[in-house]
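# Next one to model:
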Amino acid sequence: MPGIWETNMNFSLRSRNLFKTLAVMLALALPTALVISSADARVGGGGSSGSRGSRTYSAPPPTTTAPGSASQFNRTYTQPGAGMNSAAAAPARGGLFGRAGGFMGGLAAGFLGAGLLGMLFGGGLFGGLGGLSSILGLIIQIVLVVLVVRLAMSWWQRRHAPQAAYANANADAGAAPGPQANQRSGLAGGLGGFGFGANANNAPLEIKPDDYEAFERLLGEVQAAWSNEDVAKLHTLATPEMVSYFEQDLAQNRARNVVNKVTDVKLLQGDLAEAWREGETDYATVALRFALTDKTLDRNSGTLVAGSEQPGEVTEVWTFARRPGSGWELSAIQQTN
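Here you go, the predicted structure:
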């Protein structure tokens with residue numbers, strides 16, 4: 001009998017050590033799997049963030065530079081039907097799994113953290129009931145985490161589904177004069193001419209050459225301030241909403257002990273999608289195709305962690321806002337499909 005007990009105890013110890021090792025591997029691998037891909041480390045995180053006033057939930061018209069559709073926003077303060085002015089004053093908050101946290105983000109993290117710590121220190125869901133019970137506890141904990149994540153993701157997708165305004169975007173775009181199509185490089189060519197946005201509820205806005213120059217300048221200055229992690233400078237270039245997203249992304253980089261550097265930014269082509277006025281705020285949405293070198297470095301050693309030393313090309317849709325007595329500032333970034 002002692003031999004049988006000894007055998008069972010050895011098996012239990014081996015099983016427990018095996019699952020402890022697996023738990024450690026999961027704990028180390030999960031944060032890496034959840035972070036943004038290295039190709040999307042640039043300003044805005046390769047996502048769609050910000051607000052376009054009352055058109056936040058309407059798709060910008062396609063242009064020569066961005067003939068496909070623009071992605072809907074996955075980070076925005078604007079609620080359906082709300083305007084930019086009320087959105088800009090909204091407090092910073094994360095979504096369900098937003099970078100600022102959020103209720104379900106903390107809940108899922110709590111489940112995961114408690115489960116992994118329980119497995120590491122011998123507790124678990126059925127801690128102390130023997131090897132088989134420990135295995136069952138581990139499986140049940142993993143299933144619970146998966147279920148919570150799936151439910152949360154489903155909720156997130158429903159919450160950010162396109163609204164009715166998005167469905168009417170084609171009709172709005174059809175009523176507007178076509179975007180300024182031009183294949184020449186630079187804003188002097190690609191954004192040449194005057195653009196007029198059209199919407200029955202918004203006044204059209206004339207975009208002049210000086211405005212195009214401001215858009216091109218902001219493209220470079222925002223990328224430079226982001227690379228330098230200069231939040232004070234970003235406050236002079238973008239809306240408070242966009243700066244709050246930048247701060248969240250920069251904090252995430254600091255937590256990972258990395259810094260993202262975007263250099264050699266050069267506009268290759270651009271054109272106007274639409275421009276309009278809401279109350280005292282002017283808006284202009286432009287499609288931009290630009291070259292850049294995007295790399296992520298270790299803060300201590302400067303070693304390349306992600307990205308490349310070689311330049312690449314990106315096409316995004318940027319929206320700029322201007323209020324009385326101030327210049328243009330970045331109000332939104334959208335990815336293209």
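# pLDDT weak spots in the stretch 151-300 of the chain?
153-201 (pLDDT under 70).
# The same query, at a cut-off of 50, please.
160-186, 188-190, 192-200 (pLDDT under 50).
# State the number of residues packed around the residue lying closest to A214 once chain neighbours are set aside.
The spatially closest residue to A214, leaving aside those adjacent along the chain, is W328, at 4.8 Å (CB to CB, 6 or more residues apart in numbering). Every residue, glycine included, has its C-beta placed from N, CA and C. The number of residues packed near W328 is 19, by other CB atoms under 10 Å.
# Please name the residues that touch W328.
W328 sits next to D211, A214, F215, L218, A284, F320, A321, R322 when contact means CB atoms under 8 Å, 6 or more residues apart in numbering.
# What of E229?
L250, V259.
# can you give me the strands in this protein?
With DSSP state E as the criterion, the chain has strands at 49-50, 203-204, 258-278, 281-298, 304-307, 312-322, 329-335.
# Out of those strands, which gets nearest to I139?
Checking the strands of the chain against I139 by CB to CB gives strand 304-307 as the closest, at 33.5 Å.
# so for that closest one, what's the average pLDDT?
Per-residue pLDDT over strand 304-307 has a mean of 94.
# For it, C-alpha coordinates in PDB please.
The C-alpha coordinates for strand 304-307 follow below in PDB (Å, rounded to 0.1, in the frame of the first residue of the first chain):
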ATOM      1  CA  LEU A 304      14.900  46.700 -32.800                       C
ATOM      2  CA  VAL A 305      11.900  44.800 -31.300                       C
ATOM      3  CA  ALA A 306       9.400  45.200 -34.100                       C
ATOM      4  CA  GLY A 307       9.000  46.900 -37.400                       C
END
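# Show me what that strand is packed up against.
Applying 3 or more CB pairs under 8 Å, 6 or more residues apart in numbering; DSSP states H and E, we find strand 304-307 packed against strand 258-278, strand 281-298.
# possible to save those as CSV with distance to A203 and mean neighbour count?
Listed next are those as CSV, based on distance: least, CB to CB, whole Å; neighbours: other CB atoms under 10 Å:
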stretch, distance to A203, mean neighbour count
strand 258-278, 4, 21
strand 281-298, 9, 21
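# Help me confirm that E309 comes into contact with L297.
No - when contacts are counted by CB atoms under 8 Å, E309 is not listed as touching L297 (10.7 Å).
# one step back: okay, the strands of the chain in JSON lines with distance to S71 next?
Listed next are the strands of the chain as JSON lines, based on distance: least, CB to CB, whole Å:
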{"stretch": "strand 49-50", "distance to S71": "10"}
{"stretch": "strand 203-204", "distance to S71": "26"}
{"stretch": "strand 258-278", "distance to S71": "14"}
{"stretch": "strand 281-298", "distance to S71": "13"}
{"stretch": "strand 304-307", "distance to S71": "21"}
{"stretch": "strand 312-322", "distance to S71": "9"}
{"stretch": "strand 329-335", "distance to S71": "4"}
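# Quick check: which of these is nearest to V222?
That would be strand 329-335 among the strands of the chain, by CB to CB, at 5.7 Å.
# for the record, mean pLDDT for the closest one?
Strand 329-335 shows a mean pLDDT of 98.
# which strands and helices sit next to that strand?
Strand 329-335 packs on strand 49-50, helix 209-227, helix 231-237, helix 240-255, strand 312-322, going by 3+ CB pairs under 8 Å, 6+ apart.
# and for it, what are the contacting residues?
43-44, 46-52, 56, 60, 70-71, 73, 76, 84, 218, 222, 236-239, 241-242, 283, 285, 316-322.
# are any of those residues buried, and which?
Among the contacts of strand 329-335, those buried by neighbour count (16 or more other CB atoms under 10 Å) are 43-44, 46-52, 56, 60, 70-71, 73, 76, 84, 218, 222, 237-239, 241-242, 283, 285, 316-322.
# just to revisit the earlier point, save the helices and strands packed on strand 304-307 as CSV, and put in distance to D249 too.
Formatted as CSV, those follow (distance: least, CB to CB, whole Å):
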stretch, distance to D249
strand 258-278, 8
strand 281-298, 12
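# between those strands, which one is nearest to A66?
Among the helices and strands packed on strand 304-307, if distance is taken as CB to CB, the winner is strand 281-298, at 3.7 Å.
# Show me what that closest one pairs with in its sheet, parallel or antiparallel.
strand 258-278 (antiparallel), strand 304-307 (antiparallel), strand 312-322 (antiparallel) (DSSP bridges).
# Make a markdown table from the ones you listed and add distance to I135 to it.
Formatted as a markdown table, these follow (distance: least, CB to CB, whole Å):
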| stretch | distance to I135 |
| --- | --- |
| strand 258-278 | 37 |
| strand 304-307 | 36 |
| strand 312-322 | 46 |
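# closest one to I207 among those strands?
It's strand 258-278; of the strands paired with strand 281-298, that one is closest to I207 (CB to CB) at 4.9 Å.
# now the angle from that closest one to helix 240-255?
Computed by axes from the mean of the first three to the mean of the last three CA atoms, to 10 degrees, the angle separating strand 258-278 from helix 240-255 equals 170 degrees.
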